[in-house]
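S.K.: Fold the following.
(one chain, ligands or ions: 1)
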Amino acid sequence: MSESAAKPRPEFRNIHVSQILKYRMPGPAIVSILHRISGALLFLVGIPFILYLFQQSLTSELSFERYQAVVSHWFAKLVLLGLAWGFLHHLLAGIRFLFLDLHMGCDLPSARKSAAIVLFASLILTALVGLKIFGVF
Ligand code: HEM
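M.R.: Numbers count the residues shown, from 1 in each chain. I've put the predicted structure just below:
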């Protein structure tokens, strides 16, 4: 009998806070939690920040200069990078959820594969946006 068959896998039901570190979350669960976090980030930070920048860029020449000063600051670039990740993750995970809602890709191997694709693709696209924001190309 192999080692894994001899040792029963740990079961977690209604986990206690002390078990959180031992609990290995599967990819679909990580995508789901990040989808909620990214939705909240876009709504609570994204909308006010983008509207502020939009207003500053349009109101007057002076406010346009302020807009340029803000967006060229490293911290604002970091916030924009975080928002870019939030948008890209939310978009890709949202499309994945819409497919699941149509009962497509619901079996475990497909759900795991699509979750890994969403996590990986959103990070790669965010890295590309980051290179653009920080002026590499
Ligand atoms: C870019 C295209 C977008 C797509 C494809 C998309 C897709 C979705 C889907 C399918 C859900 C429901 C998820 C579920 O079944 O639990 C959802 C939830 C949500 N979305 Fe979006 N969304 C998009 C853009 C946005 C934007 C721009 C914002 C905010 C400014 C946003 C904020 C939220 C929030 C707060 C929720 C609720 C999250 C939750 O309760 O877990 N979404 N989105």
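S.K.: Test my guess that Arg112 contacts Val31.
M.R.: No. In this structure, Arg112 sits apart from Val31 without contact. The criterion is Cβ atoms under 8 Å, and the distance is 10.0 Å. All C-beta atoms are positioned from the backbone trio N, CA, C, and that covers glycine.
S.K.: ok, those two, which is more surrounded?
M.R.: More neighbours surround Val31 than the other of Arg112 and Val31, with 23 against 14 (other Cβ atoms under 10 Å).
S.K.: how about the host helix or strand of the more buried one against the ligand, any contact?
M.R.: When secondary structure is defined using DSSP states H and E, the element that contains Val31 is helix 27-41. Yes. Contact of helix 27-41 with the ligand (Cβ under 6 Å from any ligand atom) involves 35-36, 39-40.
S.K.: Same question for stretch 46-57.
M.R.: Yes. With Cβ under 6 Å from any ligand atom as the measure, stretch 46-57 is seen reaching the ligand through 46-47.
S.K.: what mean pLDDT would you report for that stretch?
M.R.: When pLDDT is averaged along stretch 46-57, the result is 98.
S.K.: try stretch 10-30
M.R.: When pLDDT is averaged along stretch 10-30, the result is 85.
S.K.: Take that stretch, keep the C-alpha atoms, and write them as CSV.
M.R.: Only the C-alpha atoms of stretch 10-30 are listed here, as CSV (Å, rounded to 0.1, in the frame of the first residue of the first chain):
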residue,chain,number,x,y,z
PRO,A,10,-7.1,15.9,6.4
GLU,A,11,-10.7,16.9,6.1
PHE,A,12,-11.8,20.5,6.8
ARG,A,13,-15.4,21.3,7.6
ASN,A,14,-16.3,24.7,9.0
ILE,A,15,-12.7,25.4,9.7
HIS,A,16,-11.5,27.0,12.8
VAL,A,17,-9.4,30.2,12.6
SER,A,18,-6.4,28.2,13.9
GLN,A,19,-6.6,25.8,10.9
ILE,A,20,-6.4,28.6,8.3
LEU,A,21,-2.7,28.3,7.7
LYS,A,22,-2.9,24.5,7.2
TYR,A,23,-5.7,24.8,4.7
ARG,A,24,-4.4,24.7,1.1
MET,A,25,-7.0,26.6,-0.9
PRO,A,26,-7.7,25.2,-4.4
GLY,A,27,-7.2,27.4,-7.5
PRO,A,28,-10.9,28.0,-8.1
ALA,A,29,-11.4,29.2,-4.5
ILE,A,30,-8.4,31.6,-4.9
